[in-house]
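[1] show me the folded form of this:
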Amino acid sequence: MRRPFIIGIGGAHSGVGKTTLATAILKYLITHSPPIYPFTHLPRFGAIKYTGTALYSSIVDDRAILNQKDKDTRRLSDAGAEQVVWIQCPASELEEIMPMAIDRLSHLDAILVEGNSAIEFIKPDIVIFISGEFQKNTKSSAKAVLKLADIIIASGKSVRDNSFETAGKATILEIKDFPGGLDEKTIKDLINRMDTKINKKKIEQLLTERSVDSRIPCSTARKIAEELGIPYKEVGKAANELKIKIKNCELGCF
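    Numbering: from 1, shown residues only. Next comes the predicted model:
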């Protein structure tokens, strides 16, 4: 099964603005060129909406149901998703259900996935987490996604109060009065941060794959930069962070 590029959107609680953010991202990425890495053309997007249930499981792709007025799935479709799938199941059944949903969208370039447990299971290429009113009693699925987050969207209050903990190397984007403050300038800033994060993860992946005993030849490091179309210094910086030594550097690129 071909796996499209996947963007995950999670949040601290329901009503935090996940669908609003998802629709803003979709509208931007399908209308602005050049798009973010790894696309060289305007991508064709699908979307998956996950809703946890206690007893039953279903995968809904019937447009008559999905496009009913006021449904989040209708908003995702209106924003530009060519195909939307709505998963309803207990989190324990995602291992079986999620691959089937992705398979239905595998002909597309990318998928936007909304829902904490779905993100935790599938491990998207990039994860955006909306902090909202993050509290100590927030459900475990939100805390798990927070640890996976590449970008955390936070209100001014949550940043000042330090009411959530970031894990790893997540970037914090402060948006006052989110989602009301999600204007064109802010969404462009978010997309640029996504692009930076995606590129960095790809650099780190290639450095790790092509290094041996935490060492990599200068010629190989230069090739990585050229493949990705980025300055040599970006590869050198990533190598330093990963504690990978670039050896036999004769041209002074790193």
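[2] quick one, helices of this structure?
    18-29, 63-66, 72-78, 94-104, 116-122, 140-148, 156-161, 184-210, 218-228, 232-242 (DSSP state H).
[3] out of the ones you listed, which is closest to Val85?
    With Cβ to Cβ as the criterion, Val85 lies closest to helix 94-104 of the helices of the chain, at 4.7 Å. In this view, the C-beta of every residue, glycine as well, is placed from N, C-alpha and C.
[4] how distant is that closest one from the center of its chain?
    Relative to its parent chain, helix 94-104 has a centroid offset of 18 Å by Cα atoms, centre = their mean, to the nearest Å.
[5] and stretch 8-27, by the same measure?
    Taking mean C-alpha positions (Cα atoms, centre = their mean), stretch 8-27 and its chain are 11 Å apart.
[6] for that stretch, give the mean pLDDT please.
    Mean per-residue pLDDT for stretch 8-27: 93.
[7] follow-up on the earlier one: ranking the helices of the chain by mean pLDDT, which is last?
    Among the helices of the chain, helix 156-161 scores lowest, at a mean of 54.
[8] returning to that earlier point: and the helices of the chain, which is most packed in?
    helix 116-122 (a mean of 24; mean count of other Cβ atoms under 10 Å).
[9] can I get that one in PDB? Just the C-alpha atoms.
    Provided in PDB are the C-alpha atoms of helix 116-122 (Å, rounded to 0.1, in the frame of the first residue of the first chain):
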ATOM      1  CA  ASN A 116      -5.600  12.400  18.800                       C
ATOM      2  CA  SER A 117      -5.800   8.600  19.000                       C
ATOM      3  CA  ALA A 118      -5.500   8.400  15.200                       C
ATOM      4  CA  ILE A 119      -2.400  10.500  15.200                       C
ATOM      5  CA  GLU A 120      -0.900   8.400  18.100                       C
ATOM      6  CA  PHE A 121      -1.400   5.200  16.000                       C
ATOM      7  CA  ILE A 122      -0.300   6.400  12.600                       C
END
